[in-house]
Every structure is written in structure tokens, then in C-alpha cells.
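Trainee: Prediction below, plus the sequence it came from.
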Amino acid sequence: MQASPAFARLVESVMPHVTLVTIEQYQQQDQWQLIDVREDNEWLQGHLPNARHVSRGIIERDIEHRFPDKNTAILLYCGAGQRAALAAYNLQLMGYTQVASMVGGYRAWIQHQFPIVQD
């Protein structure tokens, strides 16, 4: 789905404040708690190995229950990166100190032909 102009502007406004991690960087580092912020139906179609699912619609509500330590290294991904960037920005506002967004998200992972998990 094509993003609306207002959504694109919103994402663009938070990007300077979000740490971006490439797939290659993620694969070389083992400190990350990987979180898929896509919708339930997207998760069920396939997701990255070792990922946990906390959709964009509930992440701000549930994150402190799942990761009470705000120094936990959290790497978020979505379909292409926009929703993950917005969620990363909000988690920073909530006090999380090591949160990042995966560049390219699920689509980039698939383009690299890396394995996925299907439930």
C-alpha cells in the first residue's frame, strides 16, 4: 500500500532521531531483542527467526511488561521500515535507551533470500 503524504512526512520527521541497523549489522551482533511490529496477519505469513511479535498498535502499551529493563537492546522491524521507525521513536520517548529500526525491514530480509519462519 502506498503511504499517504502526511504519513511519509511524519516518518521523515522522526528519522533523524532513530538509530538504523542494517541486516548485516544485526547478523554480526547478538545483543538485540528482535521485535516484529507488523500486523497479526503479516506475522502469520512469515517472520524473521528469533523475532517476537508486538504489533505497532500495541507496542507502546505492552513494551514495559515484556521488557521492563529500559536498557534492553531492542531492534524493531516492519514491512519496509517506516512503522518500525515510528515505534522506535516512541520507545525512546518512553525512556528506552538502546532501540533501533532495521533498515528495509521484512522486505529487505526476503530480498536477501534469508530464511523466514512460518507458523
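Mentor: Thanks, I have the structure now. Numbering: from 1, shown residues only.

Trainee: all contacts plus neighbour counts: C-alpha atoms, from now on.
Mentor: OK.

Trainee: Next up, the contacts around D62.
Mentor: If a contact means CA atoms under 8 Å, 6 or more residues apart in numbering, then D62 has V54 as its contacts.

Trainee: Please save the CA atoms from the helix or strand hosting it in PDB.
Mentor: Following DSSP states H and E, one finds D62 within helix 59-66. Provided in PDB are the C-alpha atoms of helix 59-66 (Å, rounded to 0.1, in the frame of the first residue of the first chain):
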ATOM      1  CA  ILE A  59       3.800  -1.900  21.400                       C
ATOM      2  CA  GLU A  60       3.700   1.300  23.500                       C
ATOM      3  CA  ARG A  61       1.000  -0.300  25.700                       C
ATOM      4  CA  ASP A  62       2.800  -3.600  26.200                       C
ATOM      5  CA  ILE A  63       6.500  -3.000  25.900                       C
ATOM      6  CA  GLU A  64       7.200  -2.300  29.600                       C
ATOM      7  CA  HIS A  65       5.500  -5.600  30.500                       C
ATOM      8  CA  ARG A  66       7.600  -7.600  28.100                       C
END
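
Trainee: which is the next helix or strand following it?
Mentor: With DSSP H and E, the next secondary element past helix 59-66 is strand 73-77.

Trainee: Parallel or antiparallel, which strands does that next one pair with?
Mentor: Strand 73-77 has its sheet partners listed here by DSSP bridges as strand 33-36 (parallel), strand 98-102 (parallel).

Trainee: Please point out which parts of the helix holding D62 sit buried.
Mentor: By neighbour count on 16 or more other CA atoms under 10 Å, the buried set for helix 59-66 is 59, 63.

Trainee: for that helix, what is the average pLDDT?
Mentor: Mean pLDDT, helix 59-66: 96.

Trainee: how far does it sit from the chain's center?
Mentor: Distance, stretch centre to chain centre, for helix 59-66: 14 Å (CA atoms, centre = their mean, to the nearest Å).
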